[in-house]
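> Starting from these lines, generate the structure:
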Amino acid sequence: MAGGSTGAQIPGEEDDVEPEFQVAPMVDVLLVLLLFFMATATTDIVAQVADLVLPKAHDAQDKDKDAKQITVNIEKLGQKIQIRGIYYDSMKDITEQIKNEKALMLAAGIPPDKFRVLVRADQKAPFGVVSDVLEAASKAGCPNVTFSVNFDKKKKE
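Next up is the predicted model:
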């Protein structure tokens, strides 16, 4: 018996068969990794806060003396929002307060174009909170919104 094996072959066993590379599980793993990296990348972008720093106004002009305004103060990193000494938690309440103030001034004979909302924010106020206050003013029907800035009288000279 020369030259090879003459024994019976065991069922289910093949000679010199290389395993095949399974593509479907690899594609599944790649899709999961792709989704993971896409999700983490978008949350990082959303978590970034715009570097909003209120400027010092060297050439600031005096405000319009005839304009009537409501002042919205954003304090303590956006955690407190104050209008006329009252602190508000929800933007819905802020919108209602701005509507009420506008109605009072219009009833007093102030023209609508002379009414404005003045936003005063701390230097480190988050941009998202300032944006929410702008949206609240817009919903209240007040398109005239202005920002206050720190005025340094020493540099004006």
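
> Correct me if wrong, but Ala136 is in a helix.
Yes - checked against DSSP: H, G, I helix; E, B strand; the rest coil, Ala136 lies within a helix.

> List the residues that contact it.
Met91, Ile94, Thr95, Ile98 (CB atoms under 8 Å, 6 or more residues apart in numbering). Every residue, glycine included, has its C-beta placed from N, CA and C.

> how near is it to Asp28?
Counting by CB to CB, to the nearest Å, the gap from Ala136 to Asp28 is 46 Å.

> Show me what counts as buried in stretch 112-126.
Neighbour counts over stretch 112-126 (16 or more other CB atoms under 10 Å) mark Phe115, Arg116, Val117, Leu118, Val119, Arg120, Ala121, Ala125, Pro126 as buried.

> tell me how far the ends of it are from each other?
30 Å (CA to CA, to the nearest Å).

> so where's this protein shaky on pLDDT?
Scanning the chain with the threshold set as pLDDT under 70 gives 1-15, 42-67, 76-78, 149-157.

> residues touching Val117, list them.
Contact partners of Val117, counting by CB under 8 Å, 6+ apart, are Gln69, Ile70, Val72, Ile98, Ala137, Ala140, Cys142, Asn144, Val145, Thr146.

> try 10 Å this time
Neighbouring residues of Val117 by CB atoms under 10 Å, 6 or more residues apart in numbering: 69-72, 83, 94, 98, 101-102, 133-134, 136-138, 140, 142-147.

> what comes up buried for stretch 82-89?
With the criterion 16+ other CB under 10 Å, stretch 82-89 contains buried residues Ile83, Tyr88.

> what residues does that stretch touch?
Contacts to stretch 82-89, defined as CB under 10 Å, 6+ apart, come from residues 70-75, 79-81, 93-98, 100-101, 117, 120, 133, 136.

> Give me the phi and psi for Ala140.
Backbone torsions for Ala140, taken as degrees, to the nearest 10, come to phi -80, psi 0.
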